[in-house]
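> Next come a sequence and a model predicted from it.
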2 protein chains.
Amino acid sequence: MSFKQDLFSQFARIGKALSHANRLQMLDYLAQAERSVEDLARVSGLSVANTSQHLQQLRQAGLVSSDKRGLKVHYRLASDDVVELLKMIRQISERQLADVGRLVDTYLTIKDQLEPVQRDELLDRVRQGLVTVIDVRPENEYAAGHLPGAINIPPDELQQRLQNIDPDKEVVAYCRGPHCVYSYDAVEMLREKGLSASRLEDGFPEWKSAGFPVESSD
Amino acid sequence: MSFKQDLFSQFARIGKALSHANRLQMLDYLAQAERSVEDLARVSGLSVANTSQHLQQLRQAGLVSSDKRGLKVHYRLASDDVVELLKMIRQISERQLADVGRLVDTYLTIKDQLEPVQRDELLDRVRQGLVTVIDVRPENEYAAGHLPGAINIPPDELQQRLQNIDPDKEVVAYCRGPHCVYSYDAVEMLREKGLSASRLEDGFPEWKSAGFPVESSD
DNA sequence: ATACTATTCAATTGATTACTTGAATAGTAG
DNA sequence: CTACTATTCAAGTAATCAATTGAATAGTAT
């Protein structure tokens, strides 16, 4: 009979509302505070009309409610259950991603052990143009010799020069040697900014002495 | 920024998996026990190929896992988090969508389905006249001894005698023992008809041997 | 009144999705 | 080996959905 079907179709409305990244982003913003349509359109980078339509889907699913005050319509989460629901999704998602090992190990993992990249592996990927290599040593050391194609960004400049780094490429940082702290710091910071970053095993001296190619800026 | 987008897209994958009534129904069945593709195809009334595709979406979203044993592939929920997630959806659905309230009243919740009725609890409720008890064994076994007040409806007669069952009362079905399939089938069918039905833990022999009262029709 | 603002509605387009069919794969049994 | 079973894959079609555009509403300010 269609009884069960009806029930599951109702549940599916909620699932459907959660099935689009933009709507989830809106819910995320609404979890912080109630907002107008315009606010939500701005933060999600959508047109107002499009935003409005998404919001209506969320309202139909019973996830948000709204009221009009003056000119503006204010939206908010319908109940705390929605926060719980989002939390569950996040939880399952993170576990799933950890199992498969995709986004989580570059973005989300807190107890990440900063697994270093092998030298030969890095060289391959540099030649394919897949990675941005960052040398975090002082400028004079960089000038004396560095990895092919590496750009020099001392630790204190990293913050400002973030926008020069291609966010779609993987970043590998290195410095003087295996125990140099700067490359750790750089990787940590880059990951916080959402970039996929890792450390070269060891440092420049080891790279050079292993017979790998070197560039210098004379 | 692409980082957040990626993250919400990952969450959306879970939402997408939950956005179809058939998939939710499958999750519901998997919440009770692990099942083969064929089992799930049968209960959801879909083709095996279609069922398989839905299951793969659920697996990609990290909601179910599977393993092959011999010919059959067994699917199960990936973790208890998924049960929690379903519970949240049901809860929001119940609270927010006015038209669902009625359905949920008669349809036992996902969690309830996992738990059969305890013997002593059943006896209490029988004495208060709150439940209809159905014995789904063959007539001769019923005649030899049955639970007090139980009515005998063999599985193949259930369909026709539905109208004799008070739809406002809770129904509890039992048969020979804990692994007897008839009571499961009866419960499933009654629930499909919108009745509040559940199974007695174990069966008649266990009831009798535990010293609970018994009636017989001589 | 008129002009203006925030939101929603309606129609359109291109992209996904569900489901079907028939074939491919992997494991079992004789 | 061959026949058989359970599941998955791949290709095609019809339905559904996201986003755009331009117009319609409802409220505010002058």
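Received the coordinates, thanks.
> Would you confirm that A:H54 contacts A:M26?
Yes. Using C-beta atoms under 8 Å, A:H54 makes contact with A:M26 at a distance of 6.4 Å. The C-beta positions use only the backbone N, C-alpha and C, and glycine is treated the same way.
> So for those two, which sits in the more crowded spot?
A:M26 (27 against 21; other C-beta atoms under 10 Å in any protein chain shown).
> pLDDT value on the more buried one, please?
Each residue has a pLDDT score; the one for A:M26 is 93.
> and what of the one 10 residues further on?
In the predicted model, A:S36 carries a pLDDT score of 92.
> Kindly report the same for the one 3 residues further on.
Here the pLDDT value assigned to A:D39 is 88.
> In contact with A:A21, which residues?
By C-beta atoms under 8 Å, 6 or more residues apart in numbering or on different chains, A:A21 lies in contact with B:5, B:8-9, B:11-12.
> Against chain A, which of the residues you listed make the cut? List them.
Among the contacts of A:A21, the ones lying near chain A by C-beta under 8 Å from any C-beta of the partner chain are B:5, B:8-9, B:11-12.
> just curious, which of these is nearest to DNA strand C?
Comparing these against DNA strand C with C-beta to the nearest atom of the strand places B:A12 closest, at 8.7 Å.
> Show only the entries of the ones next to chain A among the contacts of A:A21 found in helices.
Among the ones next to chain A among the contacts of A:A21, DSSP state H puts B:5, B:8-9, B:11-12 in helices.
> sorry, back to before: out of the ones next to chain A among the contacts of A:A21, grab the one that's most surrounded.
The most crowded member of the ones next to chain A among the contacts of A:A21, judged by other C-beta under 10 Å, is B:F11 (25 neighbours).
> That one against A:G15, yeah?
No. Using C-beta under 8 Å, B:F11 is not in contact with A:G15; the gap is 12.0 Å.
> Report the separation between A:D67 and B:K72.
According to C-beta to C-beta, to the nearest Å, A:D67 and B:K72 sit 53 Å apart.
> More neighbours: which of the two?
A count of neighbours by other C-beta under 10 Å puts B:K72 above the other of A:D67 and B:K72, at 13 against 10.
> Tell me if I'm right that that one and B:E34 touch.
No. Using C-beta under 8 Å, B:K72 is not in contact with B:E34; the gap is 10.3 Å.
> contacting residues around stretch A:62-73?
Here stretch A:62-73 makes contact (C-beta under 8 Å, 6+ apart) with A:13-14, A:17-18, A:27, A:30, A:36-38, A:55, A:58-59, A:74-78, A:82, A:85, B:92-93, B:95-97.
> Restricted to buried residues, select the residues you listed in PyMOL.
To isolate in PyMOL the members of the contacts of stretch A:62-73 that are buried, counting by 16 or more other C-beta atoms under 10 Å in any protein chain shown, one can use:
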select buried, (chain A and resi 13+14+17+18+27+30+36+37+55+58+59+74+75+77+78+82+85) or (chain B and resi 92+93+96+97)
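> re the thing from before, any chance of the ones next to chain A among the contacts of A:A21 in CSV, with distance to B:G45 too?
Shown next, in CSV, are the ones next to chain A among the contacts of A:A21 (distance: C-beta to C-beta, whole Å):
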residue, distance to B:G45
B:Q5, 37
B:F8, 33
B:S9, 32
B:F11, 30
B:A12, 28
